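Undergrad: my questions are about this predicted structure, shown below with the sequence.
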Amino acid sequence: MPINAHALDNLQYIRTAMERAGSFTAVPGVGGIIIGCTALLVAGWARRLGDAEAWLATWLGEAALASLIGIAGAAHKSRKANLPLLSGPGRKFLLGFAPPLFAGALLTFVLYRAGLMAAIPGTWLLLYGAGVFCGGAASVKAVPVMGICFMALGTAALFAPCGWGNALLATGFGGVHILFGILITVKYGG
């Protein structure tokens with residue numbers, strides 16, 4: 001076996017080990033700011049709606065839009081850094097992030113069907129925060145802290161008066177995203 005082939009094998013092994021040990025740095029700060037801005041707009045719109053189904057549909061539309069913005073932002077940031085989006089740390093982030101979001105989607109359906117619309121904002125904030133916290137274990141330090149902020153807001157929303165849900169969603173999905181989006185942009189490069 002030629003020495004250069006052996007050296008290439010060693011380099012590939014080292015690169016793979018470093019990739020698996022690294023942190024997921026493609027969390028999009030600018031994307032978070034945009035998500036926060038769209039959430040604030042949706043919160044303003046949803047506040048005016050008198051119909052619970054229209055309110056829910058509006059926020060579900062925002063969730064779909066935010067997902068697209070987040071994916072596009074992470075893909076752009078990872079391309080800019082010349083790193084694969086679903087590298088070892090990226091997969092770890094997704095594996096920690098996705099299950100709480102799936103649970104939130106399932107519970108949304110259950111709570112809606114049971115007529116417990118007032119519990120939906122707290123459930124969303126709490127489980128989104130759990131996903132950000134768990135996924136953030138494979139990311140930069142600011143991401144798990146952001147998850148804790150969402151979880152605290154979710155807990156508050158579960159015990160707050162029913163009429164506060166929309167404002168707490170605006171505070172979390174709007175304000176927290178903007179605040180941490182700025183922090184991530186400044187400290188971790190976009």
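TA: All right, it came through fine.
Undergrad: can you tell me the helix or strand for the residue nearest the centre of the chain?
TA: In the chain, the residue lying closest to the centroid (Cα atoms, centre = their mean) is Val132, at 5.3 Å. For Val132, the element it lies in under DSSP states H and E is helix 120-136.
Undergrad: which neighbouring elements make contact with that helix?
TA: For helix 120-136, the packing partners by 3 or more Cβ pairs under 8 Å, 6 or more residues apart in numbering; DSSP states H and E come out as helix 88-113, helix 142-159, helix 165-169. C-beta here means a position set from N, CA and C on the backbone, and glycine is covered the same way.
Undergrad: per-residue pLDDT of Gly31, please?
TA: We have a pLDDT of 90 for Gly31.
Undergrad: ok, and the closest non-adjacent residue to it?
TA: Using Cβ to Cβ, 6 or more residues apart in numbering and skipping residues adjacent in sequence, the residue nearest Gly31 is Gly73, 2.4 Å away.
Undergrad: Arg171 against Ala156, yeah?
TA: You called it Arg, but residue 171 is Thr. No - using Cβ atoms under 8 Å, Thr171 is not in contact with Ala156; the gap is 9.2 Å.
Undergrad: between the two ends of stretch 159-179, how far is it?
TA: 24 Å (Cα to Cα, to the nearest Å).
Undergrad: angle of the longest helix along the chain against helix 120-136?
TA: Scanning the chain for the helix with the most residues, using DSSP state H, yields helix 52-80. Between the axis of helix 52-80 and that of helix 120-136 there is an angle of 20 degrees, by axes from the mean of the first three to the mean of the last three Cα atoms, to 10 degrees.
Undergrad: counting contacts, what elements does helix 52-80 pack onto?
TA: Counting contacts by 3+ Cβ pairs under 8 Å, 6+ apart, helix 52-80 packs against helix 29-48, helix 88-113.
Undergrad: for Asp51, grab phi and psi.
TA: Note on Asp51: its backbone torsions stand at phi -100, psi 130 [degrees, to the nearest 10].
Undergrad: Ser139 now?
TA: Dihedral pair for Ser139: phi -130, psi -170, per degrees, to the nearest 10.
Undergrad: ok, Gly104 - contacts?
TA: Listed by Cβ atoms under 8 Å, 6 or more residues apart in numbering, the contact set of Gly104 reads 123-124, 127-128, 131.
Undergrad: got it, and Ile178?
TA: By Cβ under 8 Å, 6+ apart, the contact set of Ile178 is 32-33, 36-37, 40.
Undergrad: now do 6 Å
TA: Shown in contact with Ile178 (Cβ atoms under 6 Å, 6 or more residues apart in numbering): 33, 36.
Undergrad: if we can go back for a sec, of all the helices and strands packed on helix 120-136, which one is nearest His177?
TA: Nearest to His177, of all the helices and strands packed on helix 120-136, is helix 142-159, at 8.2 Å by Cβ to Cβ.
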